[in-house]
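Visitor: Task: produce atomic coordinates for the following.
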Amino acid sequence: MENNQAFGWLMKSAVSALLPTANSLSNAIEGCNDVSVLVNGVARDFFESSSSSSSVAKSGGGAVPNNDDSSFKRSVSPSSDLPPTENNHLQNLTARLDRIKTLLYEERSASSAAVTNNNGRINLNWTPAVATEVFTCFTHNSHDGAAAASDHTTMEQQQDLLPTLLQNLPTLPFEARKSISAIFNYLLVCGLDGVDALQFASVSTAFGMYVLERATLIIGTFVRFHHCKSLGKSSGSSNSEVGSGSGGGRGDTGVDITLLCGSMLRSSLRHKAIYQWVLNDANCEQLVYPFLDEYVHDPNFDVSSDALETVRVMFTGLAGPAGGGGGGCVDGYSDDADAAHEEYKQQMEAIAAEFLERKYDPIIIDRMNHKCISSNANYMTRRMSLQLLSTILLNRSNFNVMMRYISSSQNLVTILCLLRDPSPHITLDAFQVFKIFVANPGKPPEVVKILFDNKFKLIKYLSGLHKDREGSDEQYRDEKGLVIATLEGLELES
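Guide: Take a look at the predicted model:
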């Protein structure tokens, strides 16, 4: 047998010998129910993959990973271009994260079914073992020392596993990023929603405190990853696993990271303490203003829409599903879940109202008026921002903000311009704000003068505005009739 033939035969034999091992490991991961073992495996695979990347980079094969801010620009594409060892580590890491996510969902499904089958009664003596173990293993130094040492993974690395994974999302496969986001969101909201929410409240509260204690790192990571145009250029690849969508100089990977971080940020904002922390004066400029200055204006529709949804949560305090919070009864007695949810809603709205009143000029005037609903903004940003402005002004908690806004003649001029926009959707949304100016019984003289000077033109224009809608929308018909009647009776004070 010639040398090259012999070498080829040996290579095929070596590959065949490895396949059963890979398959058996995959089966072992899929059948594993030990959260600690799975999380240890995630830590080992991640840090071994990082070490492999470093070795390749030092030999001229890629970028050297690091732990400072430049890690946001680092990209190790999880594709076939990676060394086989690193690719195996990333595949195993993805499988382990998916298994952890599955165990969480299976436990929640069984818990919800048990409460439903028990006529809505929940047992507070029951502990969500899987959720508790996932929280503990991802956030505490509770791994087995011998196992960690044998796997070449230090305790310090394991203790910082969750924030490390979040900071290095661009280096991970698409499915791994999705699982990390799903696990993070689950731990934050498992105690806020669902018929069995009270059974998971301790986990949700504890994880919320963990995020708050590391908010500068974790929340800062989420916000910075919205600005990922440079990442998009370097991390976008032909790998079919990466997220879909492109635009604005972003590669596909950059877009999916932005959307996942937006989701995790909104889940974080559902916790009152984190919400207050984000909106305080020390953090507002770094964590809130970038959304209005840049992210909502992104030319990629998915990115701008997601950013606008985050802005809505920031300015209203409402990120959860409609309706009451966790339901169910405890030992047959009502837990007043609806009352508790209403109290929570009022507290969050009060935080939002105080923030908007405190930051009225930089938020409402400098950014909402001058950037988000101006003619320079793109169509969807203008429309969704106008809807948000209407929501803010019509919320009772924002009475002071509303009165300040509708007392400004310049704001009225801005809305009158939008009322004449070519888009019927923009004009309808503008009407929802304009009606507040007209309905105000205490209009300042400068506002009255503008309305009086233009009242005949306005009455004629409003009479034909969305006339086709009047037959199917009784509220719109009545509100428009009231606005027209108010304008007809408007007079200047002598």
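
Visitor: hey, let's count contacts and neighbours off CA atoms from now on
Guide: OK.

Visitor: Chain neighbours aside, what residue packs nearest to Arg477?
Guide: Glu470 (4.8 Å; CA to CA, 6 or more residues apart in numbering).

Visitor: Repeat that for Phe355.
Guide: Leu279 (6.8 Å).

Visitor: returning to that earlier point: for the residue nearest to Arg477, give its distance to Gln199.
Guide: The gap separating Glu470 from Gln199 is 48 Å, by CA to CA, to the nearest Å.

Visitor: The two: who's more crowded?
Guide: Gln199 (23 against 14; other CA atoms under 10 Å).

Visitor: got the CA coordinates for stretch 109-116 in CSV?
Guide: The C-alpha coordinates for stretch 109-116 follow below in CSV (Å, rounded to 0.1, in the frame of the first residue of the first chain):
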residue,chain,number,x,y,z
SER,A,109,-45.2,22.9,32.6
ALA,A,110,-45.7,20.3,35.3
SER,A,111,-46.1,22.9,38.0
SER,A,112,-48.8,24.8,36.0
ALA,A,113,-50.6,21.6,35.2
ALA,A,114,-50.7,20.6,38.9
VAL,A,115,-52.2,24.0,39.9
THR,A,116,-54.7,23.8,37.1
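
Visitor: tell me the mean pLDDT over it?
Guide: Confidence over stretch 109-116 (mean pLDDT, whole number) is 90.

Visitor: swap in stretch 166-175?
Guide: Here the average pLDDT along stretch 166-175 is 94.

Visitor: again, but for stretch 256-270
Guide: 96.

Visitor: Return the alpha-carbon coordinates of that stretch using CSV.
Guide: Taking C-alpha atoms only, stretch 256-270 is exported to CSV below (Å, rounded to 0.1, in the frame of the first residue of the first chain):
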residue,chain,number,x,y,z
ASP,A,256,-29.9,38.9,16.5
ILE,A,257,-27.7,39.9,19.4
THR,A,258,-29.4,43.3,19.6
LEU,A,259,-32.9,41.7,19.7
LEU,A,260,-31.9,39.2,22.3
CYS,A,261,-30.3,41.9,24.5
GLY,A,262,-33.5,44.0,24.0
SER,A,263,-35.6,41.1,25.3
MET,A,264,-33.3,40.6,28.3
LEU,A,265,-33.3,44.3,29.1
ARG,A,266,-37.1,44.5,29.1
SER,A,267,-37.3,41.5,31.4
SER,A,268,-34.9,43.2,33.8
LEU,A,269,-37.0,46.4,33.7
ARG,A,270,-39.9,44.4,35.1
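
Visitor: which residues are in contact with that stretch?
Guide: If you take CA atoms under 8 Å, 6 or more residues apart in numbering as the criterion, stretch 256-270 is touched by 169-170, 177-178, 181, 184-185, 188-189, 208, 211, 219, 222-223, 225-228, 242-245, 274-275, 302-303, 306-307, 310, 313-314, 317-320.

Visitor: Centre of the chain to it, how far?
Guide: 2 Å (CA atoms, centre = their mean, to the nearest Å).

Visitor: can you check stretch 362-377 too?
Guide: That offset, for stretch 362-377, works out to 22 Å (CA atoms, centre = their mean).

Visitor: pLDDT weak spots in the chain?
Guide: Applying pLDDT under 70 to the chain flags the ranges 1-23, 52-86, 141-159, 228-253, 320-337, 494.

Visitor: Now with 80, please.
Guide: 1-26, 50-87, 120, 124, 140-160, 227-253, 319-338, 493-494 (pLDDT under 80).

Visitor: and Gly194, helix, strand or coil?
Guide: Per DSSP: H, G, I helix; E, B strand; the rest coil, the secondary structure class of Gly194 is coil.

Visitor: Report the distance from the strand or helix carrying Leu292 to the chain centre.
Guide: Using DSSP states H and E, Leu292 sits within helix 289-293. Distance of helix 289-293 from its chain centroid, counting by CA atoms, centre = their mean, is 15 Å.

Visitor: helices or strands up against the longest helix along the chain?
Guide: In terms of residue count, the longest helix belonging to the chain (DSSP state H) is helix 84-117. Applying 3 or more CA pairs under 8 Å, 6 or more residues apart in numbering; DSSP states H and E, one finds that helix 84-117 contacts helix 3-30, helix 35-58, helix 129-139, helix 174-189.

Visitor: helices or strands next to the next helix or strand after it in the packing?
Guide: Of the helices and strands lying after helix 84-117 in sequence (DSSP H and E), the nearest is strand 121-122. Applying 3+ CA pairs under 8 Å, 6+ apart, one finds that strand 121-122 contacts strand 329-330.

Visitor: Show me the contact partners of the helix holding Leu292.
Guide: Outside helix 289-293, the residues that reach it (CA under 8 Å, 6+ apart) are 307-308, 311, 363, 367-368, 371-372.

Visitor: got those as TSV, with neighbour count columns?
Guide: Formatted as TSV, the contacts of helix 289-293 follow (neighbours: other CA atoms under 10 Å):
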residue	neighbour count
Ala307	26
Leu308	22
Val311	21
Ile363	19
Arg367	18
Met368	21
Lys371	21
Cys372	27
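
Visitor: Provide a list of residues in contact with the residue nearest to Phe355.
Guide: Per CA under 8 Å, 6+ apart, neighbours of Leu279: 288, 314, 355.

Visitor: buried subset of those?
Guide: 288, 314, 355 (16 or more other CA atoms under 10 Å).

Visitor: and which of the contacts of Leu279 is nearest Cys32?
Guide: Met314 (39.6 Å; CA to CA).
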